[in-house]
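In: here is a sequence with its predicted model. Questions after.
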Amino acid sequence: MDWLTTVDHKKIGILYYMAGGLFFLIGGLEAILIRIQLMNPGLKIFIGDTFNQLTTMHGTTMIFFAAMPMIFGFMNAIIPLQIGARDVAFPFLNSLGFWLFLFGGILLNLSWFLGGGANAGWTAYTPLSTIMDSTQGVTIGGNLTGVDFYVLGLQIAGLGTLLGGINFLVTIINMRAPGMTYMRMPMFTWASFITSALILFAFPAITVGLVELMFDRIFDGAFFDPARGGSTVLWEHLFWIFGHPEVYILILPAFGIISEIVSTFSSKRLFGYSSMVFATALIGFLGFMVWVHHMFTVGLGPVANSIFSIATMAIAVPTGIKIFNWLFTLWGGQIRFTTSSLFATAFIPTFVMGGVTGVMLSVPAADFQYHDTYFVVAHFHYVIVGGLILGLFAGSYYWWPKMFGRVLNETLGKIHFWTFFIGFHLTFFPQHFLGLMGMPRRVFTYDPGLTAGNLVSTVGAFLMGIGTLVFIINMIATNRKPQDAPNDPWDGRTLEWTIPSPAPEYNFKQTPLVRGLDALWKEKMAGNKEMTPAEPVGSIHMPSPSILPLFMALGLFISAFGFMYHIYAICIAGIGITLVCMLLRSVFDDHGWHIEPEELNDKGVKR
């Protein structure tokens, strides 16, 4: 019950991380099944619509229900600690965001048992994702329910993500400790701040697209039906106006994690801190200017293609700044190769490879050849797996003591690193050449001349799976140990290492006074063993737990089934549950939706 009702940001962070990890395993299993089918061109294990469902569900699960929540797990667990806050700005909304994500993910994956998963590709391009083909006057077979689960599952989960983004924006703006100016914030906090801004502007676009697709599928709308005045290209614009910033929503927090780890394990201040901040902000800004590079083959014309090509090339500049700053941070540092440090340093060249192929794809004339081949699959996975997932593993080993009070086993960690890292390159490096040799995406068979590359790719996928299993074994083995991690196991530089591991519910007994960038390191250099407090010791007031967020999300989950199966009594009942919970929250809680105001001291005056 404690976990079902918690509004403590640290516990919600663990819930996000573990739920995201579960979906990561589901998405990974789907990837292994895809690679088993592609091991040999003559195999007929997962073919036709089954293969379409596997590719669609793998992509959707990994992007929306594995990568995003694991990022939110770290943001929840670490950001309030890094800025010296006792909680996030809206603890109740924080809990609601988690339950919305979880029920959205469950809804999507229930489709496997209720008629089959979505089969229109993770991008759900229309008319593949719409029910009627008006030009023929017939129903497109095989996707009568799967895409409905996709549409409604992503709407529910997307609402939770939007709440999370708003919450972290407000938290970072309003709740920093005294002395923590913007230019003293750790890089992970900066990256999460800009990521939250991207969420605020990007997610409404996909929400609009999903609502329109829902109207087309459930209420016979015509947004994407050319025969009735709609446009299939409209979906592509809406999806990619969200979809390309989404890539940066995923990768920027990983940049922040790498910045923290490279600095800590080099025992040096991050090189070019201010240029890193501005490069991160510029990446976020330019991320909204490049969506048409996914659509060079649509036929928007040479002027549109040229503009978006130049913008895409431009985004390589701030990314390059970050790469060189990490290298200069390592240069001359006293580098310690812990598991966390190995993942972080491996991230740098791997991500560069993904970035270089991205610049290749930014040239429209070349993109006409690369488009929808395995070259794009290789590029995308070098960025997301070689970037984000390596970053998440690095962050896991780094912050595990702070989240769980135990240090992960380093020997198992290094076995995990080498099996996963070698497996990753074996899987995706050959795919560049398979694409250049003409192998299209999303096909369950191929020319026999491409067998060798596909076989190597499948072997690599199994190695990645073994590496992930080693990590799970490490987690389970570490969980059996006592919670004996020290406050500061890595000789850290930021505020989260000033408090016990795991962090107490109230985080800081006294709000710390920040006197410079790398606040803890500055105190260490001054010979102080702990932070200078910014306030006297006083009573601490924390927000109350609540079961209402769970029931609010459950109400939307129930209503989704009513929409899909046209049983409007279920719709009304589900939405009714959500509205009643909102009413209960407003009526019986004087503090509403935000963190409670300061309590009165013994003289009746606000502290």
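Out: Received the coordinates, thanks. Numbers count the residues shown, from 1 in each chain.
In: residue 82 touches residue 495, doesn't it?
Out: Yes: counting by C-beta atoms under 8 Å, residue 495 is a contact partner of residue 82 at 5.6 Å. C-beta: built from backbone N, CA, C; applies to glycine.
In: shared neighbours of those two, anything?
Out: Common contact partners of residue 82 and residue 495 (C-beta atoms under 8 Å, 6 or more residues apart in numbering): residue 186.
In: tell me the phi and psi of residue 512?
Out: phi -80, psi 150 (degrees, to the nearest 10).
In: that one - how many residues pack around it?
Out: Applying other C-beta atoms under 10 Å, we find 25 residues neighbouring residue 512.
In: please name the residues that touch it.
Out: By C-beta under 8 Å, 6+ apart, the contact set of residue 512 is 84, 177, 495, 498, 519, 531-534.
In: closest one to residue 33 out of the residues you listed, please.
Out: Set against residue 33, the nearest of these by C-beta to C-beta is residue 495 (43.8 Å).
In: and the nearest residue to residue 123 once chain neighbours are set aside, what's its pLDDT?
Out: Closest residue to residue 123 apart from its sequence neighbours, by C-beta to C-beta, 6 or more residues apart in numbering: residue 239 at 5.8 Å. We have a pLDDT of 97 for residue 239.
In: for residue 134, same thing?
Out: In the predicted model, residue 134 carries a pLDDT score of 51.
In: over to residue 529?
Out: pLDDT for residue 529: 83.
In: and if you look at residue 539?
Out: Predicted confidence (pLDDT) for residue 539: 80.
In: please report the distance of it from residue 102.
Out: Applying C-beta to C-beta, to the nearest Å, the value for residue 539 to residue 102 is 34 Å.
In: of these two, who's got more company?
Out: More crowded of residue 539 and residue 102, by other C-beta under 10 Å: residue 102, with 24 against 9.
In: in which helix or strand would I find the closest residue to the more buried one other than its chain neighbours?
Out: Closest residue in space to residue 102, ignoring its immediate chain neighbours: residue 19 at 5.5 Å, by C-beta to C-beta, 6+ apart. Here residue 19 sits within helix 9-37, counting by DSSP states H and E.
In: that helix - contacts with which helices or strands?
Out: For helix 9-37, the elements it packs on are helix 2-5, helix 49-60, helix 68-82, helix 91-110, helix 390-404, helix 451-479, judged by 3 or more C-beta pairs under 8 Å, 6 or more residues apart in numbering; DSSP states H and E.
In: in the protein, which ranges drop under the pLDDT threshold?
Out: Within the chain, the stretches with pLDDT under 70 are 132-144, 589-607.
In: ok, back up a step: I'd like to check the angle between the helix holding residue 19 and helix 451-479, please.
Out: Angle of helix 9-37 versus helix 451-479, following axes from the mean of the first three to the mean of the last three C-alpha atoms, to 10 degrees, is 150 degrees.
In: now do the buried residues in helix 9-37.
Out: 9-17, 19-28, 30-35, 37 (16 or more other C-beta atoms under 10 Å).
In: state the distance from the residue most central in space within the chain to residue 187.
Out: With the centre of the chain defined as its mean C-alpha position, the nearest residue by C-alpha atoms, centre = their mean is residue 68, 2.1 Å away. According to C-beta to C-beta, residue 68 stands 20 Å off from residue 187.
In: could you do residue 551 as well?
Out: Counting by C-beta to C-beta, the separation of residue 551 from residue 187 is 38 Å.
In: of those two, which one has the most company?
Out: Shown here are residue 551 and residue 187; by other C-beta under 10 Å, residue 187 has more neighbours (25 against 15).
In: how about the helices in the stretch 251-400 of the chain?
Out: 273-286, 302-314, 316-330, 339-361, 364-370, 374-383, 390-404 (DSSP state H, counting those that start in this stretch).
In: could you dump these to a markdown table with mean neighbour count and distance to residue 74?
Out: A markdown table is the format used below for the helices of the stretch 251-400 of the chain (neighbours: other C-beta atoms under 10 Å; distance: least, C-beta to C-beta, whole Å):
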| stretch | mean neighbour count | distance to residue 74 |
| --- | --- | --- |
| helix 273-286 | 18 | 16 |
| helix 302-314 | 16 | 28 |
| helix 316-330 | 18 | 18 |
| helix 339-361 | 21 | 13 |
| helix 364-370 | 16 | 33 |
| helix 374-383 | 23 | 19 |
| helix 390-404 | 25 | 5 |
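In: out of these, flag the one nearest residue 426.
Out: Closest to residue 426 of those is helix 374-383 (C-beta to C-beta; 12.0 Å).
In: from the contacts of residue 512, keep the buried residues only.
Out: Buried among these (16+ other C-beta under 10 Å): 84, 177, 495, 498, 519, 531, 534.
In: turn the residues you listed into CSV, columns for distance to residue 47 and secondary structure.
Out: Below are these laid out as CSV (distance: C-beta to C-beta, whole Å; DSSP: H, G, I helix; E, B strand; the rest coil):
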residue, distance to residue 47, secondary structure
84, 56, coil
177, 58, coil
495, 54, helix
498, 57, helix
519, 57, helix
531, 61, coil
534, 64, coil
